[in-house]
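> Everything below, folded, please.
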Amino acid sequence: MKSYQIKSLLLAGCLILSISSCSKKLDDSQKTTDQTSTTTTSNSMQQTAQNMAAGTASGKTPGVAIPSKTLAGFLPSVSGYTAKGEPETMEMEMQGAKYSHANQSYENGDKRITVSIMDYNYIAGLSMAYSAMMNMSLETNEESMHSEKFGGNPGWIDWKKKSNTGTVGVVVNDRVFVVIEANNGASLDELKSVASNINYSGIASAAK
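The predicted structure is shown next:
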């Protein structure tokens, strides 16, 4: 299953869990043979549900999410890459919580770049995991992670050195997350170039 589909399902699951107050069931449902991975995932999702129940990011109340078709209009052209099909879009509303998402994959031979634009609409639980990335710094033989600004907006870079895969994330107006992923040999320079050419001012205007 594609990574953005998994993320969307997890986000939807977190919404359902927070509304039904079933965070305890997360631990029971997350049991797998990889106990370490299970514990981490379960705790993360459990905390997400609790955060969503507790309130919203930046003390702001969620309103109307940017339409997914509008978000799709901010998906970039990627130099040297061909867009794979039409952008995929999604909008979700549950108990007053609204979320929208636009996604496009790009190909250059075996290389893949994926751009996702997600309006989390100040929903604290959905933005928690990505927000944490901006406050982390890590340097090992295999991975480099640090915060960095793109177009004046806070963000982060997470690069896996040996596999040449990674992610750049940028946060616009505390509510819209732009996530660019590189796989199958796409370079860090290509990843950062895509991130630097997003129309962040347009996204910020749409998010007002």
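> Just list the residues touching the residue nearest the centre of the chain, thanks.
By C-alpha atoms, centre = their mean, the chain has its centre lying nearest to Val179, at 5.3 Å. Under the criterion of C-beta atoms under 8 Å, 6 or more residues apart in numbering, the contact partners of Val179 comprise 115-118, 130, 167-170. Just so you know, the C-beta spots here come from the backbone N, C-alpha and C atoms, and that holds for glycine as well.
> That one in helix, strand or coil?
For Val179, the reduced secondary structure class is strand; criterion used: DSSP: H, G, I helix; E, B strand; the rest coil.
> So in terms of bridging, what pairs with it?
Applying DSSP bridges to Val179 gives these bridge partners: Ser116, Gly169.
> could I get the contacts of Val179 as TSV with distance to Ser205?
Compiled in TSV, these are given as follows (distance: C-beta to C-beta, whole Å):
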residue	distance to Ser205
Val115	19
Ser116	20
Ile117	14
Met118	17
Tyr130	21
Thr167	25
Val168	22
Gly169	20
Val170	16
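> got a winner among those for most neighbours?
Ile117 (29 neighbours; other C-beta atoms under 10 Å).
> low pLDDT regions in this protein?
Applying pLDDT under 70 to the predicted model, the residue ranges of the chain that meet it are 1-59.
> Check which helices and strands the longest strand seen in it sits against.
For the chain, the longest strand by residue count, based on DSSP state E, is strand 97-108. Of the remaining helices and strands, those touching strand 97-108 by 3 or more C-beta pairs under 8 Å, 6 or more residues apart in numbering; DSSP states H and E are helix 3-20, helix 68-72, strand 82-83, strand 88-94, strand 111-119.
> So what's the gap between stretch 112-121 and the chain middle?
Using C-alpha atoms, centre = their mean, to the nearest Å, we find the averaged C-alpha position of stretch 112-121 to lie 6 Å away from the chain's own average C-alpha position.
> Check stretch 177-187 too.
Its chain's C-alpha centre and that of stretch 177-187 lie 12 Å apart, by C-alpha atoms, centre = their mean.
> same deal with stretch 96-114?
That offset, for stretch 96-114, works out to 10 Å (C-alpha atoms, centre = their mean).
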